[in-house]
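Trainee: give me coordinates for this.
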Amino acid sequence: MTNNLKIRIQEHYSQRGQKTSFTGKYHSYYLLYYEAHQYVNNAIAREKEIKGWVRDKKMKLINEMNPSLKFLNEELFGVWPPKEIESRL
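Mentor: Numbers count the residues shown, from 1 in each chain. Next up is the predicted model:
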């Protein structure tokens with residue numbers, strides 16, 4: 001859950017190659033699926049719900065929105081990888 005998906009993806013990307021972080025170790029900065037929610041509590045509840053699912057159910061959800069499993073990073077950034085990394089600070 002984040003209030004700024006673009007910056008969150010960049011934060012994950014900036015950790016690439018760092019074996020001490022999950023995102024760096026597993027290169028988890030490619031976006032396949034996302035949902036927008038108006039209220040934080042709804043977003044948190046939905047995230048918890050999806051995390052409890054088995055992989056097959058998660059893949060079915062992703063395939064409904066993104067059947068070609070295309071990385072959606074360019075949809076957010078225009079160009080991927082970004083030339084400059086934004087920061088929350």
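
Trainee: low-scoring stretches of the chain, by residue?
Mentor: In the predicted model, the chain carries pLDDT under 70 at residues 89.

Trainee: point to the residue nearest the middle of it.
Mentor: Note on the chain: the residue nearest the mean C-alpha position is residue 31, at 4.6 Å, using CA atoms, centre = their mean.

Trainee: and that one, what helix or strand is that in?
Mentor: Per DSSP states H and E: residue 31 is located in neither a helix nor a strand.

Trainee: look up the closest residue to it, ignoring the ones flanking it.
Mentor: residue 72 (4.4 Å; CB to CB, 6 or more residues apart in numbering). For the C-beta atoms, the positions are set from N, CA and C on the backbone; glycine is no exception.

Trainee: you'd agree the one you found is up against residue 32?
Mentor: Yes: assessed by CB atoms under 8 Å, residue 72 is found in contact with residue 32 at 6.5 Å.

Trainee: so those two - more neighbours on which side?
Mentor: residue 72 (18 against 15; other CB atoms under 10 Å).

Trainee: quick one: the more buried one and residue 54, what's the gap?
Mentor: Distance, residue 72 to residue 54, using CB to CB, to the nearest Å: 23 Å.

Trainee: now residue 33
Mentor: Using CB to CB, which is the criterion applied here, residue 33 is 16 Å from residue 54.

Trainee: more neighbours: which of the two?
Mentor: Taking neighbours as other CB under 10 Å, residue 33 and residue 54 compare with residue 33 leading, 15 against 8.

Trainee: check contacts around that one.
Mentor: Taking CB atoms under 8 Å, 6 or more residues apart in numbering, we find residue 33 in contact with 61, 62, 65, 66, 72.

Trainee: 6 Å instead?
Mentor: By CB atoms under 6 Å, 6 or more residues apart in numbering, residue 33 lies in contact with 62, 65.

Trainee: now it, what's its secondary structure?
Mentor: coil (DSSP: H, G, I helix; E, B strand; the rest coil).

Trainee: in space, what's closest to residue 10 - neighbours in sequence excluded?
Mentor: residue 85 (4.9 Å).

Trainee: what about that neighbour, neighbour count?
Mentor: Count around residue 85 with other CB under 10 Å applied: 11.
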